[in-house]
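Peer 1: predicted model and sequence below, questions to follow.
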Amino acid sequence: MKTNNVDTRVDGAVLSIKDLEVTFTTDAGEVAAVRGVGFDVAAGEVVAVVGESGSGKSVTARTILGLLADTAVARGAVLLKGKNMLTLGPAQLRAARGEDVSMVFQEPSTALNPVYTVGWQIIEGIRAHTKISKKEAKARAIEVLRKVGIPEPEVRVNYYPHQFSGGQKQRVIIAAALALNPSLIVADEPTTALDVTVQAEILELLRAVRDDFNTGIVLITHNMGVVADLADRVVVMYQGKIVESAPSVELFANPREDYTKALLAAVPHLGRHSASAGMSERSGQDKEVLVEAKDLSIVYPGRLGSPGFRAVDEVSLKICAGEVYGLVGESGSGKTTIGRAIAGLNKISSGSLKVLGYEMLDYKERSFKKLRQDIGFVFQDPAASFNPQLSIGECVAEPLLVHRGLDPRAARTRVNELLEAVQLPAAFAQRFPHELSGGQRQRASLARALALDPKLLIADEPTSALDVSVQAKVLELFKELQAELGFAALFISHDLAVVDMLSTWVGVLYRGKLVEEGIGSQVMGNPEHPYTKRLIASLPVPDPVEQAARRAAFLKA
Amino acid sequence: MSTTTHVSVPSKRSLIYRLPVISHLRMSAGLQRGMLVVGLVLTVAFLLTAALAPLIAPFGFSQMADADGDFPTQAAPGGKFIWGTTVGGFDVFSRTIWGAQTAVAVIVVAVLFSIFIGVFLGLVSGYIGGWLDRVLVVLADAVYAFPSLLLAIVMSIVISGGQSSLWGGIMAAAISITVVFIPQYFRVIRAETVRLKAEPFVESAKVIGASTWRIMFKHVFRNATRTLPLIFTLNASEALLTLAGLGFLGFGIEPTKASEWGFDLNRALSDATSGVWWTGVFPGVAIVLTVLGLTLVGESMNDLADPRLRTRRKAKRRGGKAAA
């Protein structure tokens, strides 16, 4: 408590972290999550803490609010306006939270309590700190909702969280964080769960908060585009330590450390490394048509009395042998539904979908089964797509056992070949899925999908659960294998830059409709449909100077 | 850390450390460890008593006389009969020891029956769904709604006409317990199956083209059975209580066929009023300790299996400057 009296605001720093160390006790012993981290945040400054998963960035953010699990022990000092958050008692911590520092969470839909109105939740925070009447508190809540750009705040203050969209919910959370006008806001991946067009709006709002309220912001993120867009200063973390800390413009222009250079090089950049660079017409049109959709519609039945949800609305597309078709769209656009329908995981409602000549409208599992060996599928979450009870070898051998009827021994040689093809050591066949890292698991998943030499591979957001450096390696591998084996692929992703790197032909989905289709580099470089234009304009690029220009253009439009 | 720099970790911990109870013991700490150890000691003592009953017990369970002549009736504890004798002239100590054997037999048979049928029905019902699922769930609920002891009584009358030999009695008790327990296993496995059905690894097996049976047994079954050791221990204690209840009500096993704690308690009813405490206390304590042991094991496994409930040894504070 001695540290409480020391005035640390000489340099105007709102937050000053010194020699922070955090250790967790796990079943496997003690794990040091943060090792000797220190940085300052001044009023009105946005400091981005970037790093891959496991780098300790979120743990650092949580110690600022004194939100650590019981199993963690923190040492060092986290001085917030001169108070050491690590030594404060529970009552003092409660007083500091909300008034001095508040937090914006990653998942807006779970950070709000669904059974109370948003107004109630904001008022709750205000009345916990200041003794004012309910009426005054409500007026303040309305005021703060207006500041974050919620239309009609007088009415909306009485709405429940489910009546807001994802982006609006995040605005409400920011409003709640701003309600007591704190000196510091900790934003832990505030836009990760949001679509890019919504992300652009939230970033704009955070920028306004910084400028209008002179609030310091600690921005935790793994997205270098977001960093380039918003941050004044960047702290790069790796394995619990700070690798590099520099002003944003400087860091992107000349990174000093090797790790930072590698990290920046791995970030996909829209318009660079396009797979379709220099192409003028669609390739492979003379080859066999593998998938053909005509006016394909997929409707999820609604509850009793309510109409169904039209996930896919009269989409027509064609995938030819050897071609990589990239399907982009935001959440709810129906891209995953199309992929799943092609694999026979979703039934189609109307129109026609021909997969390898099989009409999916009269789908029967029995008659479709033998076609399955020509279709490979890579799932989004590599952690969940392996049976945790089977070894990697058994998982990869599964298609061989099912379709070829091979005995496990004969399958083993093929499994080793496949693992080698995806650059995994053969010894990994004996390991269990949880013993592999995310990237390794996704490679194994690719090996399983390719086990039977399929004609068509469906990859549903295969890299969105991975860190950028790992994503870069997996994408590289995917590209090599595709060139070598020549399978056709449907590559589904929300990330335009990733899709552009891999696919020659790109389709853009918006609310179940295919709004634009064309050669990748042309769609990305010269979009025609207004939605595609907005989508591309709102995507932040990992370069502060270029991003500032793009932002200006986007705001003007 | 998801980089590819990985050292060669041993891929499997040795089998013995992955066994349910042993793995739980290794990761326990503090009070939870104490509970688990007490439970394990009681349970092991119970199992050892059952296995070694012929060696420990000085007399047979239905023995009323030896070379020295008939046993005294209602003799107080001490001397030759360390826990005394009953009104019928049985040695209380011997009968209590032999009773463990009957209890183990009933628990094993009852749990084996219900586990196989319950797990199979739960798997099929959860995975295939549709009308089959609806019918089975309604049936399970109907059985739930029945008072279990009443059902057990009906079953024991149906199976053996209320009179029983050793195995007849054990089977009657076991089957009646089975009927009550099947819905429990069914419910648990069905819920797990329904959850697992939507997991990507099950979908990936579907995309590969694996047959329904293969998905059900190779992919779903092995993941759905993680909670079984827990229900097993909790149900074992309940099975024992049901058996004792049946015996107490007189639907148990004849004293000449096997020894059974509930039946002995029933016989001890009239003794209690005349100051003969030893005929009731010892079988009663045996029931309490066994059930306590099994429940402690089950409850601690439940807490240990959940990372949120599990206590861990605290990290040492070095420097002691600050802690959260």
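Peer 2: Ah, there it is. Source: prediction; values computed, not measured.

Peer 1: show me where chain B has helices.
Peer 2: Taking DSSP state H to define them, one finds helices in chain B at B:15-18, B:20-26, B:30-51, B:53-56, B:92-128, B:130-145, B:148-160, B:166-197, B:200-208, B:212-214, B:222-224, B:228-248, B:261-273, B:278-305.

Peer 1: please point out which parts of the longest one sit buried.
Peer 2: Spelled out, that is helix B:92-128. For helix B:92-128, burial by neighbour count (16 or more other CB atoms under 10 Å in any protein chain shown) applies to B:92-107, B:109-111, B:113-115, B:117-127. Using the backbone N, CA and C atoms, a C-beta is placed for each residue, glycine as well.

Peer 1: check those one by one and keep those near chain A.
Peer 2: Among the buried residues of helix B:92-128, proximity to chain A is found for none (CB under 8 Å from any CB of the partner chain).

Peer 1: which ones are touching the most centrally placed residue in chain A?
Peer 2: Using CA atoms, centre = their mean, the residue of chain A that lies closest to the mean C-alpha position is A:T192, 4.7 Å off. Residues counted as contacts of A:T192 (CB atoms under 8 Å, 6 or more residues apart in numbering or on different chains) are A:106, A:221-223.

Peer 1: what of A:V541?
Peer 2: Neighbour list for A:V541: A:225, A:228, A:269-270, A:547, A:550 [criterion: CB under 8 Å, 6+ apart].

Peer 1: would CSV of the residues you listed with pLDDT, neighbour count and distance to chain B be doable?
Peer 2: Output for those, formatted as CSV (pLDDT from 0 to 100; neighbours: other CB atoms under 10 Å in any protein chain shown; distance: CB to the nearest CB, whole Å):
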residue, pLDDT, neighbour count, distance to chain B
A:G225, 89, 23, 20
A:A228, 91, 27, 23
A:H269, 82, 17, 21
A:L270, 80, 22, 24
A:Q547, 88, 22, 27
A:R550, 86, 21, 30
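
Peer 1: can I get the helices of chain B in TSV including distance to A:L203 and mean pLDDT?
Peer 2: What follows is the helices of chain B, written out as TSV (distance: least, CB to CB, whole Å; pLDDT from 0 to 100):
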stretch	distance to A:L203	mean pLDDT
helix B:15-18	48	64
helix B:20-26	47	74
helix B:30-51	46	88
helix B:53-56	75	82
helix B:92-128	44	87
helix B:130-145	47	88
helix B:148-160	61	75
helix B:166-197	37	82
helix B:200-208	31	87
helix B:212-214	48	86
helix B:222-224	41	81
helix B:228-248	48	80
helix B:261-273	71	81
helix B:278-305	42	85
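
Peer 1: as CSV, those helices with distance to A:V115 would be great.
Peer 2: Shown next, in CSV, are those (distance: least, CB to CB, whole Å):
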stretch, distance to A:V115
helix B:15-18, 42
helix B:20-26, 37
helix B:30-51, 33
helix B:53-56, 58
helix B:92-128, 30
helix B:130-145, 29
helix B:148-160, 37
helix B:166-197, 24
helix B:200-208, 31
helix B:212-214, 40
helix B:222-224, 32
helix B:228-248, 32
helix B:261-273, 48
helix B:278-305, 29
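
Peer 1: how about the residues of the stretch 251-400 of chain A by chain B?
Peer 2: When proximity is defined as CB under 8 Å from any CB, the stretch 251-400 of chain A approaches chain B at A:343-345, A:369-370, A:372-373, A:375, A:377, A:379-381, A:384-391, A:398-399.

Peer 1: can you say which of those residues are buried?
Peer 2: Using 16+ other CB under 10 Å, the buried ones in these are A:343-345, A:372-373, A:375, A:377, A:379-381, A:384-387, A:389-391, A:398-399.

Peer 1: taking those one by one, which sit in helices?
Peer 2: Those of those mapping onto helices are A:398-399, per DSSP H.

Peer 1: I am finished for the moment; much appreciated.
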